[in-house]
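Student: Return a 3D structure for these sequence lines:
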Amino acid sequence: MFDWISHNKEVFLQSHTEIGRSYQHAVELQTQHNHFAMNSMNAYVNINRIMSVASRLAEAGHYASTQIKQISGQLDQDWKSFAAALDERSTILAMSSVFHQKAEKFLSEVEAWCKVCSEGGLPSEMQELEIAIHRHQSLYEQVTQAYTEVSQDGKALLDVLQRPLSPGNSDSLTATANYSKAVHCILDVVHEVLHHQRRLENIWQHRKVRLHQRLQLCVFQQDVQQVLDWIENHGNSRQVGNQPPQILLFYSVMVAPSRKCQDWSSSFISPT
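Tutor: So this is what the prediction gives:
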C-alpha cells in the first residue's frame, strides 16, 4: 500500500496546479479528479483493513508490536496527507468552475446590457420616463450584483491559491505547489470583467443623466402649463404676457418657491 500511495501521489502531482482556463475546462478537470478521488477512496478500504489487522496484532501482544505500530502509523499518516490533498483539489476545482461560470455569463451579457443602455430615444411622457428610470436602475443593480459575485469569487479563489504556507501544513503534499500560472489566468479574467464593467457603467451613467434631464424638462413643462392654465382661468394675461422671458419670470416668482417648499417638506417627512 505504501507503493500504491507513492505512485498515486506522483500521478496527482503531475497536474494538481492546473485548475482550468475556462468553465468547460474546469468542469473537465473536476470530472477527472472526482474519478481519481473515487478510485483512491476505494483503495482506502484495503488500507483500513491493514490498519485494523495491525491494531489487533499489537493489542494481542505480538512480538513485533512496536514495529507494527510504527508501520501502521506511517501508513495512516501517508494516507491522511494524500486524502487532504485530494480534498483540497476538490475544493479548488469547485471554486474555479463556479468562478469561470459566473465570469463567462457576465461577459456574455455585456453587449446586451450595453445595447439596453444605449438603444432608442427617450420617452416624452412623465409616467413613461419614471418607468424607464426605474428599469434603468434595476438594470444597474442586476449588473452590479453579477459583477460583485464574479469579483468576490475571484478574490476567494486567489486567496486560496496565494495563501502563505503556515507551520502546521509545511509537510502537506501540496506545500510547495506553484499556482502562478493559475493565478495569472484568474487575474486576466478578473481584469477583463472589470474592464467591461467600467465601460458598461459609463454607458449606463450617460443614459441615466439623459433620463433625469428629460424628467426635469417634463416637470418644468408641466409647471409652465399650470401657470398658463391659472392665468387663463384666474389671472390677467396682460400681467404676464405670452413671451418666454415673461412666462419664466412669472414662473420664478409664483411657482418655483412653492415647488421648492414642497420638495423640502417631502424630503423632511420621507422615511430614511
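Student: give me the number of residues near Ala43?
Tutor: Burial of Ala43 is recorded as 15 neighbouring residues (other CB atoms under 10 Å). For every residue, glycine as well, the C-beta is placed using N, CA and C.
Student: starting at the chain centroid, how far to whatever helix or strand it lives in?
Tutor: If you go by DSSP states H and E, Ala43 is part of helix 23-59. The chain centre lies 33 Å from the centre of helix 23-59; the measure is CA atoms, centre = their mean, to the nearest Å.
Student: how would you label Arg21: helix, strand or coil?
Tutor: Secondary structure, DSSP: H, G, I helix; E, B strand; the rest coil: Arg21 is coil.
Student: so what secondary structure elements neighbour the strand or helix carrying Asn202?
Tutor: Using DSSP H and E, Asn202 sits in helix 180-233. With contacts defined as 3 or more CB pairs under 8 Å, 6 or more residues apart in numbering; DSSP states H and E, helix 180-233 has these neighbours: helix 65-118, helix 126-161, helix 237-240, helix 244-254.
Student: Tabulate the ones you listed (TSV), appending distance to Gln30, mean neighbour count and mean pLDDT.
Tutor: TSV is the format used below for the helices and strands packed on helix 180-233 (distance: least, CB to CB, whole Å; neighbours: other CB atoms under 10 Å; pLDDT from 0 to 100):
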stretch	distance to Gln30	mean neighbour count	mean pLDDT
helix 65-118	5	17	91
helix 126-161	14	15	94
helix 237-240	76	11	52
helix 244-254	67	13	56
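Student: Turn the ones you listed into a markdown table, including distance to Ala37.
Tutor: Output for the helices and strands packed on helix 180-233, formatted as a markdown table (distance: least, CB to CB, whole Å):
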| stretch | distance to Ala37 |
| --- | --- |
| helix 65-118 | 5 |
| helix 126-161 | 18 |
| helix 237-240 | 84 |
| helix 244-254 | 75 |
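Student: Ok, which of those helices comes nearest His196?
Tutor: Proximity to His196 (CB to CB) singles out helix 65-118 among the helices and strands packed on helix 180-233, at 4.7 Å.
Student: quick one: that closest one to helix 126-161, angle?
Tutor: Orientation of helix 65-118 against helix 126-161 (axes from the mean of the first three to the mean of the last three CA atoms, to 10 degrees) gives an angle of 160 degrees.
Student: and the direction of helix 65-118 versus that of helix 23-59, what angle?
Tutor: 160 degrees.
Student: how far off helix 180-233 does helix 65-118 point, in degrees?
Tutor: 30 degrees.
Student: Which strands or helices does helix 65-118 pack on?
Tutor: Secondary elements touching helix 65-118 (3+ CB pairs under 8 Å, 6+ apart): helix 2-13, helix 23-59, helix 126-161, helix 180-233.
Student: Show me how far it is from its chain's centre.
Tutor: 18 Å.
Student: Likewise for stretch 138-149?
Tutor: 9 Å.
Student: which other residues reach it?
Tutor: Residues outside stretch 138-149 that contact it (CB atoms under 8 Å, 6 or more residues apart in numbering): 102, 105-106, 109, 113, 116-117, 193, 197, 200-201, 204, 208.
Student: could you measure the closest residue to Ile5 other than its chain neighbours against Glu192, distance?
Tutor: Using CB to CB, 6 or more residues apart in numbering and skipping residues adjacent in sequence, the residue nearest Ile5 is Asp78, 5.1 Å away. Distance, Asp78 to Glu192, by CB to CB, to the nearest Å: 42 Å.
Student: Next one: the residue positioned nearest the centre of the chain relative to Gly20, how far apart?
Tutor: Centroid-nearest residue in the chain: Glu149, 1.2 Å away (criterion: CA atoms, centre = their mean). In this structure, Glu149 and Gly20 are 18 Å apart, going by CB to CB.
Student: Equivalent analysis for Leu158, please.
Tutor: From Leu158 to Gly20 the distance is 14 Å (CB to CB).
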